[in-house]
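# Sharing a model prediction with you, sequence too.
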Amino acid sequence: MLQEYFRGAFAIFTSNGCIFGCDWCMAEKKRPEKFRSLEALKDEVATLAKMARLYGEGDPDTTVYLSTLDGIQNPSKME
């Protein structure tokens, strides 16, 4: 299972929370957006890189995107 995961693409979310309450969104609704610390993001990337080397069979073909959960809340700003 993890071998398949690290051959695909996934997102690392840089924030959570949204002032809107859209049913389809996985953000915590009806609260201001809060960005994660740079240290938390670095730790997650390091952990995922280690796992990709372990489960990606030596040469992982993984695409990772950094994104906020909520593009409609702040389309002109991304920390």
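That came through, no problem. Numbering: from 1, shown residues only.
# just the strands in the protein please.
9-13, 15-16, 34-35, 63-67 (DSSP state E).
# Now do the biggest helix by length in the chain and strand 9-13, the angle between them.
Assignment by DSSP state H gives helix 38-55 as the longest helix of the chain. Counting by axes from the mean of the first three to the mean of the last three CA atoms, to 10 degrees, helix 38-55 lies at 160 degrees to strand 9-13.
# export helix 38-55 as CSV, just CAs?
What follows is helix 38-55 as a C-alpha-only set of coordinates in CSV (Å, rounded to 0.1, in the frame of the first residue of the first chain):
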residue,chain,number,x,y,z
LEU,A,38,7.7,26.6,8.9
GLU,A,39,9.3,24.1,11.4
ALA,A,40,6.2,21.8,11.2
LEU,A,41,6.3,21.9,7.4
LYS,A,42,10.0,21.1,7.3
ASP,A,43,9.5,18.2,9.7
GLU,A,44,6.7,16.8,7.6
VAL,A,45,8.7,17.1,4.4
ALA,A,46,11.7,15.4,6.0
THR,A,47,9.5,12.6,7.3
LEU,A,48,7.8,12.1,3.9
ALA,A,49,11.2,12.1,2.1
LYS,A,50,12.5,9.4,4.4
MET,A,51,9.4,7.3,3.8
ALA,A,52,9.6,7.9,0.1
ARG,A,53,13.1,6.5,0.0
LEU,A,54,12.1,3.6,2.1
TYR,A,55,8.8,2.7,0.4
